[in-house]
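Curious how this folds, go ahead:
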Amino acid sequence: MATPKYRFIPLPYMQEVAARLASETPTLIRGSLYTYRLPLLSEKIRPIISREVTNDLKNWAKAEQKVVTPTTKSRFLRLKAPDSLWTDEGYTSLLVPLFDRTIQVSVRARGSDEEALIDWGCESILHLDERMGIRTLTEDIDFHLNIFQLTVTPGTMAEEEYDGDTGV
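Next up, the predicted model:
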């Protein structure tokens, strides 16, 4: 059975972060994607993600015959409904929820018309594999985006199939 292209990773809710975010006004990046400029909060989240999910992510990558490497691409975002955000090929993303309820979103592979409706709760990180996207349906969503580079484990069959395109 193939590993799904998205999954949830349990995470205790970060109430302090969500409370701080509620008092901030985001800045438009493009289209309906906004950012929060909160570098100090970002530094607080990195150790939580590192502590809570690093081993899980490494085990997932190993099963996929890949290696994950953290990037410096990490930011607080607001995605306005109904818009999408995509993970590029050669990368995987962890979306840390910054809301206090369950929100219905859709996920799908780039270029596919098939999408899965999922209920994303505040107690779980959403892990999107490369070339997967998330689409807001009726609500704007705030989250902390963390991007990891994927490389194929040397000496595996996957290495022969990998074209080296990083997508960024």
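
what are the ranges of the helices in the protein?
Counting by DSSP state H, the segments of the chain that form helices are 15-22, 39-63, 157-161.

hmm, who's touching the lengthiest strand in the chain?
For the chain, the longest strand by residue count, based on DSSP state E, is strand 66-79. Identification of contacts with strand 66-79 by Cβ atoms under 8 Å, 6 or more residues apart in numbering yields 21, 26, 29, 32-38, 41-42, 45-46, 57-58, 61, 85, 91-92, 98, 134, 136, 140-153, 158. Where C-beta positions appear, they are placed from N, C-alpha and C, glycine not excepted.

one more time with 6 Å
The contact list for strand 66-79, computed with Cβ atoms under 6 Å, 6 or more residues apart in numbering, reads 26, 33-36, 38, 42, 57, 61, 85, 136, 140-153.

For that strand, buried residues please.
Within strand 66-79, the residues that qualify as buried are 66, 68, 74, 75, 76, 77, 78, 79, counting by 16 or more other Cβ atoms under 10 Å.

Name every strand pairing with that strand and say which way it goes.
Partner strands and pairing direction for strand 66-79 (DSSP bridges) are strand 33-36 (antiparallel), strand 141-152 (antiparallel).

show me where pLDDT drops low in the chain?
Low-confidence segments of the chain, defined by pLDDT under 70, are located at 1-4, 11-23, 38-46, 48, 50-52, 72, 155-168.
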